[in-house]
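**Q** sequence first, then the predicted structure:
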Amino acid sequence: MSTSSILPVGLTGLGSERAAEVLGLIRDVPDYPQPGVTFRDITGLLADGRALGDVVDSLAAFAAGGVDLVAGLEARGFLIGAPLATRLGVGFLPLRKAGKLPPPTETVTYDLEYGTASIELRTGTLQQGARVLIVDDVLATGGTAAAGVELVERCGGVVVGVAFLLELDGLGGRSRLAGHQVDTLLRVES
Ligand SMILES: O=P(O)(O)OC[C@H]1O[C@H](OP(=O)(O)OP(=O)(O)O)[C@H](O)[C@@H]1O
Ligand SMILES: Nc1ncnc2[nH]cnc12
């Protein structure tokens, strides 16, 4: 995928100047982790305390309808999801890559833009009917998030929304999440 302009579609409450500053903290890395993929590196944004706070505050607006838990997808979804849960005053649910949690677990396997993976949730972590907001840094093909939705629902949770820092336009991620509320702060045009 070729690198192109970044379009701000979120960052609730931020002026365009501030939004541009936050957007500028995401680095495009061509041909990583494999040829043809432009990797969107958020480590510079995470290292900027004010930007991280702005992102977490803006994501919190997506939980306005009320949530009982924030679920984050390992690993980068943890970096945004845990501070978001704290900001909302609710608990955090780690959806972990396979082999990290002791049994019993539920497992869902999925395809990535550059590989395959499985995520797991410890059986019994979720109360039946708990309202869950799923959070991740990047929406690309949507495979990871769709697996997260399947896992949470299989364990008895109700997915009230799926929220991302950055959406990679043109990879079909949104259509993989059809039927769910999908919110993104930023979108990259490809
Ligand atoms: O929409 P998709 O095509 O599924 O891609 C998005 C996922 O890919 C990245 O995670 P990755 O699996 O690279 O793991 P990491 O967070 O541990 O770096 C990213 O953090 C999302 O979770
Ligand atoms: N291009 C990309 N950059 C960062 N994270 C990703 N996850 C899936 N595709 C990605």
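**A** Everything's here; your move. Ligands and ions are numbered 1, 2, ... in the order given.
**Q** give me the phi and psi for Ile42.
**A** For Ile42, the backbone dihedrals (degrees, to the nearest 10) come out as phi -100, psi 10.
**Q** so which residues make contact with stretch 75-83?
**A** Stretch 75-83 is contacted from outside by 42, 46, 52, 55-56, 59, 70-73, 92, 94-95, 97, 134-138, 165, using Cβ atoms under 8 Å, 6 or more residues apart in numbering. Backbone N, C-alpha and C define where each C-beta goes, glycine included.
**Q** sketch out the low-pLDDT regions of this protein for me.
**A** 1-13, 113-114, 190 (pLDDT under 70).
**Q** the longest strand along the chain near ligand 1 at all?
**A** For the chain, the strand that runs over the most residues, judged by DSSP state E, is strand 158-168. No - using Cβ under 6 Å from any ligand atom, strand 158-168 stays clear of ligand 1, with a minimum separation of 7.6 Å.
**Q** show me what the helix or strand following that strand is packed up against.
**A** Per DSSP states H and E, strand 158-168 leads on to helix 173-176 as the next helix or strand towards the C-terminus. Contacts defined by 3 or more Cβ pairs under 8 Å, 6 or more residues apart in numbering; DSSP states H and E place helix 173-176 against helix 143-154.
**Q** which residues touch the helix it packs on?
**A** By Cβ under 8 Å, 6+ apart, the surrounding residues in contact with helix 143-154 are 71, 73, 93, 95, 106-112, 117-121, 126, 132, 134, 136, 139, 159, 162, 164, 173, 176-177, 180.
**Q** show me which of the contacts of stretch 75-83 are buried.
**A** With neighbours counted by 16 or more other Cβ atoms under 10 Å, these contain buried members at 42, 46, 52, 55-56, 59, 70-73, 92, 94-95, 134-138, 165.
**Q** among the residues you listed, which are in reach of ligand 2?
**A** Okay, of those touching ligand 2 (Cβ under 6 Å from any ligand atom), that's Val138.
**Q** restricted to strands, list the buried ones among the contacts of stretch 75-83.
**A** Mapping the buried ones among the contacts of stretch 75-83 onto strands (DSSP E) picks out 70-73, 92, 94-95, 134-138, 165.
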